[in-house]
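J.: Give me a model of this one.
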Amino acid sequence: MTSFQNFTEDQEKVMAKVLKPFKGFFDLVILDPTLASGDKYKVFGKFNKKKKHLKINPHVFASPDFVDETNGRRMTMLEYVLLHEIAHEIYKTMDGEELAKWNELSGWTMKPPNETNYSNLIIPDDGVEKISDWYFLNVAEPSFPRWYAKFSPEEQFCDCWTFVYKDLLGRMKGNIGARIINFINELG
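T.: Residues are numbered from 1 along each chain as shown. Take a look at the predicted model:
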């Protein structure tokens, strides 16, 4: 059973409901104010796999909900962080063939054949730009459900898996978005 630290009773009820299908994944979820200091782009969650502890940034409660304009479904940032961290572990279970297929969907590469058809994510962080080593095909951009998915194939998978799990499918647009939804559904 997951324990919670520094949360209100209502917050704990929400997390218990979200985590019910994932029993034993986290031993402890901690509201950690140290994650709220300094970052221009916020780290909303940090998972320690060995301890099975997840630290949550208090800013999750001030962040707007994610909304799917096609069906009106909503997901809070708290739900997003919990599910996104679980998705990292799902990503790590994919075999080489599945990873290659995933990377192919959005054209992920570390060495784009040309700069015209590819983009990467640049995040300003205290006056320094953090630049992703990964590039994706420009035509894949509408399929990203959130800006952070543009950082790497793993972050895209975690975001997409989370949005598929919560049925916010309208945030993954176009042919590539449909293929991503299909890929995730086929994983099971």
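J.: In this structure, where is pLDDT below threshold?
T.: In the predicted model, the chain carries pLDDT under 70 at residues 38-41, 124-128, 130.
J.: quick one: the strands in it?
T.: Using DSSP state E, the strands of the chain run over 3-5, 28-31, 45-48, 53-56, 66-67, 74-75, 118-119, 122-125, 128-131, 136-137.
J.: Name the residues of stretch 82-91 that are buried.
T.: 82-88, 90-91 (16 or more other C-beta atoms under 10 Å). Backbone N, C-alpha and C define where each C-beta goes, glycine included.
J.: Kindly report the same for stretch 62-78.
T.: By neighbour count on 16+ other C-beta under 10 Å, the buried set for stretch 62-78 is 66, 68, 73, 75-78.
J.: what about it, start to end distance?
T.: Terminal residues of stretch 62-78 lie 10 Å apart, using C-alpha to C-alpha, to the nearest Å.
J.: Counting neighbours, what do you get for the closest residue to Leu137 other than its chain neighbours?
T.: Once flanking residues are discounted, Leu137 sits nearest to Gly107: 3.2 Å by C-beta to C-beta, 6 or more residues apart in numbering. By the criterion of other C-beta atoms under 10 Å, Gly107 has 16 neighbours.
J.: Tell me who's in contact with Gly107.
T.: 118, 135-137, 139-140 (C-beta atoms under 8 Å, 6 or more residues apart in numbering).
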